[in-house]
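Engineer: A predicted structure for the sequence below; I have some questions about it.
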Amino acid sequence: MKEIIETDVVLIGGGIMSATLGMLINQLAPDKSIHIFERLKDVAEEASDAWNNAGTGHAALCELNYTPEDANGVVHTDKARAIMEQFEVSKQFWSYLIEQERLANPKDFIRSTPHMSFVRGEKDVTYLNKRFKALQESNLFQEMQYSEDHDVIKQWTPLIVEGREASEKIAATYSTQGTDVNFGAITGALINSLQNTGGAQLHLHHEVRKLKQLSDKRWRIKVKDLSSGKKYEVLAKFVFIGAGGGSLELLQKADIPEGKKYGGFPVGGQWLVCKDQQISAQHNAKVYGQAEVGAPPMSVPHLDARIIDGEKAILFGPFATFSTKFLKEGSYWDLFGTVKYWNIFPLIKVGIKNIDLEKYLIKQLSLSFEDRLEVLKQFYPEAKKSDWKLQEAGQRVQVIHNDPDNGPTLQFGTEIVTSADGSISALLGASPGASTAVSIMLKLLYQCFPDRAEANMDRLKNMIPSYGQNLEENPELLAAVRERSSRILELTA
């Protein structure tokens, strides 16, 4: 007789999203049983792994694609302000977990690292100045600094100025609110805590093959243990699909009407990596520049100071790659497996509408190592070929949404897809993703368990002091939560 496991919650995918949702559920409903299924041999080995993402702690301090300029020359900051608020929520939740001893040493997963935007040329300098002034109107960005002075920028980070012509027109913004986050480390810590304190069951090297909803609204999930070959079934009251690039295929297998509005387009990346300690010691910031026309958000160029597994390095890129895989450890058949009769025409239409993206990818794929080094020299003029190596970054799937009102669109963000009865939910998309995981999962909880979320309002406010309030409109509360988060997470300006 086939083994059957019965549980309240199934989390598919061992990344930051499942880890965050599992911890929120455990905090709000500790009586709920949780089973986590991860296809690989350890958690956080795909998009959450430190080498597979920028580790920026996206707060919109430096990412220029979050502050677009319209045809009239107006810089819009709505998205940047929203993302900053969401990252403040993440920091508050992590601080609470440290206070509760559910997380240990904050330096294992987060460090204070200044965030900078850097541009060259009259046009982009004018834009950055307008962006700075627009952000200064918000309490969230008051401590940000702006300069066009080579000497000032050199004090912030010398590598981007040394060797540069003194006459070159450059500008930068600088914020000490920035962080470097190892999302692989925090994912592992959250899941360990869920196992050791929360009673969750983790199943590694287990692949979910099928999902079907039963008449009693529970989900029957067919799973294979890839190590032993054993197959069994799981019955769950609620299912979350947080499998990164693998989420779309599983959502389609669930066969809910809401899932038939989506397709996916994969984009990969590569880093130039420097581990020379003499060079990396001179760079202690995340420096973001302007993206090329058509570039997806994950391909915005940046020169990143990183500490991964205790080793300091500088990462530059990412340079876009293309593969039909939806996961770094996926199959070349991933893309073709998600093409269905209901999304094939939206996929074609999106392809026609996004010629700039396709031109960008073709250009990126044709780059030699020397070409990549020349791009790096725009940020670091004295870069030498011998100091850098090319390394694979993560694989992402951009969401294609067949919107009934606006038609098929390629979306560069995250999307929660939930069934009408709230019994299953999936997360699709990429940036800003991990940094805003707490806010995204809180939104999911409200969609799937509105009554329980309302009943736990006091508990939520205890975990996240600013919950339900607008930090931008409450400077006293903003100062208080930032002071608390910085103190507990040991972030120093």
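Structural biologist: Right, received. Where do you want to start? Numbering: from 1, shown residues only.

Engineer: from now on I want contacts and neighbour counts done on CA atoms only, so please keep to that.
Structural biologist: OK.

Engineer: what's around E3, how many residues?
Structural biologist: Counted with other CA atoms under 10 Å, residues neighbouring E3 total 9.

Engineer: start the count at 9, not 1, going forward
Structural biologist: All right, first residue 9 from here; so that's E11.

Engineer: that one contacts E241, doesn't it?
Structural biologist: Yes: using CA atoms under 8 Å as the test, E11 is close enough to E241 to be in contact (6.4 Å).

Engineer: partners of the lowest-mean-pLDDT helix or strand in the chain, with directions?
Structural biologist: Evaluated with mean pLDDT, DSSP states H and E, the helix-and-strand set of the chain has its lowest mean pLDDT in strand 415-419, which scores a mean of 74. Using DSSP bridges, the neighbouring strands of strand 415-419 in the sheet come out as strand 397-411 (antiparallel).

Engineer: give me the distance from the partner strand to the chain's centre.
Structural biologist: Strand 397-411 sits 11 Å away from the centroid of its parent chain (CA atoms, centre = their mean, to the nearest Å).

Engineer: list the buried residues for it?
Structural biologist: Going by neighbour count (16 or more other CA atoms under 10 Å), the buried part of strand 397-411 is 398, 400-410.

Engineer: which residues touch L69?
Structural biologist: For L69, the contact set (CA atoms under 8 Å, 6 or more residues apart in numbering) comprises 88, 92, 123-125, 149, 183, 186.

Engineer: can you put the residues you listed in JSON lines and add neighbour count?
Structural biologist: Conversion of the contacts of L69 to JSON lines gives the following (neighbours: other CA atoms under 10 Å):
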{"residue": "A88", "neighbour count": "24"}
{"residue": "M92", "neighbour count": "22"}
{"residue": "H123", "neighbour count": "29"}
{"residue": "M124", "neighbour count": "28"}
{"residue": "S125", "neighbour count": "22"}
{"residue": "F149", "neighbour count": "20"}
{"residue": "S183", "neighbour count": "23"}
{"residue": "G186", "neighbour count": "24"}
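
Engineer: just the ones of the residues you listed in helices?
Structural biologist: Among those, the ones falling in helices (DSSP state H) are 88, 92.

Engineer: as TSV, the contacts of L69 with pLDDT and distance to D132 would be great.
Structural biologist: Converted to TSV, these look like this (pLDDT from 0 to 100; distance: CA to CA, whole Å):
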residue	pLDDT	distance to D132
A88	95	18
M92	96	23
H123	96	18
M124	97	14
S125	96	11
F149	97	20
S183	97	19
G186	95	22
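
Engineer: circling back: go through the least confident helix or strand of the chain and flag the buried ones.
Structural biologist: For strand 415-419, the buried set under the neighbour-count rule, 16+ other CA under 10 Å, comprises 416-419.

Engineer: how far does the very next helix or strand once past it sit from the chain's center?
Structural biologist: Heading C-terminal from strand 415-419, the first helix or strand you meet, by DSSP states H and E, is strand 422-426. Centre-to-centre, strand 422-426 and its host chain are 14 Å apart (CA atoms, centre = their mean).

Engineer: just the C-alphas of strand 422-426, formatted as PDB.
Structural biologist: What follows is strand 422-426 as a C-alpha-only set of coordinates in PDB (Å, rounded to 0.1, in the frame of the first residue of the first chain):
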ATOM      1  CA  THR A 422       6.800  39.200  -8.700                       C
ATOM      2  CA  GLU A 423       3.200  37.900  -9.000                       C
ATOM      3  CA  ILE A 424       1.100  35.900  -6.500                       C
ATOM      4  CA  VAL A 425      -1.300  33.500  -8.100                       C
ATOM      5  CA  THR A 426      -4.000  32.200  -5.800                       C
END
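
Engineer: between the buried residues of strand 415-419, which sits nearest K294?
Structural biologist: Out of the buried residues of strand 415-419, the one with the shortest distance to K294 is Q419. That distance is 25.0 Å, counting by CA to CA.

Engineer: distance of the closest one relative to K230?
Structural biologist: Look at Q419 and K230: by CA to CA, to the nearest Å, they are 31 Å apart.

Engineer: find the nearest non-adjacent residue to the one residue sitting closest to the centre of the chain, please.
Structural biologist: Note on the chain: the residue nearest the mean C-alpha position is G441, at 2.9 Å, using CA atoms, centre = their mean. For G441, the nearest residue in space outside its immediate sequence neighbours is T422; the separation is 6.4 Å by CA to CA, 6 or more residues apart in numbering.

Engineer: in the sheet, who's paired with the one you found?
Structural biologist: The bridge-partner assignment for T422, based on DSSP bridges, gives G437.

Engineer: give me the number of residues near it?
Structural biologist: Applying other CA under 10 Å, we find 18 other residues in the vicinity of T422.

Engineer: coming back round to it: quick one: pLDDT of the residue nearest to the centre of the chain?
Structural biologist: Note for G441: predicted pLDDT of 77.

Engineer: could you pull up the residues touching M25?
Structural biologist: For M25, the residues meeting the contact criterion (CA under 8 Å, 6+ apart) are 250, 442, 445, 449.

Engineer: and the helix or strand encompassing it, C-alpha only, in CSV?
Structural biologist: Assessed by DSSP H and E, M25 sits inside helix 24-36. Provided in CSV are the C-alpha atoms of helix 24-36 (Å, rounded to 0.1, in the frame of the first residue of the first chain):
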residue,chain,number,x,y,z
ILE,A,24,13.6,32.2,0.8
MET,A,25,9.9,32.5,0.0
SER,A,26,8.9,29.0,1.4
ALA,A,27,11.2,29.6,4.5
THR,A,28,9.5,33.0,5.1
LEU,A,29,6.0,31.8,4.7
GLY,A,30,6.7,28.7,6.9
MET,A,31,8.0,30.9,9.7
LEU,A,32,5.0,33.3,9.5
ILE,A,33,2.6,30.4,9.6
ASN,A,34,4.5,28.9,12.5
GLN,A,35,4.4,32.2,14.4
LEU,A,36,0.7,32.8,13.8
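
Engineer: what distance separates the following helix or strand past it from the centre of its chain?
Structural biologist: Where DSSP H and E defines the elements, the next helix or strand beyond helix 24-36 is strand 42-46. Chain-centre distance of strand 42-46: 21 Å, with CA atoms, centre = their mean.

Engineer: any weak-confidence spans in this structure?
Structural biologist: Counting by pLDDT under 70, the chain contains low-confidence residues at 9, 62-63, 65, 300-307, 420, 438-439, 501.

Engineer: now D411: how far from G186?
Structural biologist: D411 sits 35 Å away from G186, taking CA to CA as the criterion.

Engineer: D466 too?
Structural biologist: Remark: distance between D466 and G186 (CA to CA) = 29 Å.

Engineer: try E491
Structural biologist: Distance, E491 to G186, by CA to CA: 14 Å.

Engineer: number of residues surrounding Q278?
Structural biologist: Residue crowding around Q278 was assessed by other CA under 10 Å; the count is 21.

Engineer: contacts only, for it.
Structural biologist: With contact taken as CA under 8 Å, 6+ apart, Q278 is in contact with 325-329, 398-402.

Engineer: and the residues you listed, which is closest to L36?
Structural biologist: Distances from L36 to the contacts of Q278, taken by CA to CA, are shortest for G402, at 32.4 Å.

Engineer: what sits closest to that closest one if chain neighbours are left out?
Structural biologist: Counting by CA to CA, 6+ apart, G402 lies nearest to N60, which is 4.0 Å off, once chain neighbours are set aside.

Engineer: touching, the residue nearest to G441 and L435? I think so.
Structural biologist: Yes: in this structure T422 lies within contact range of L435 using CA under 8 Å: 6.9 Å.
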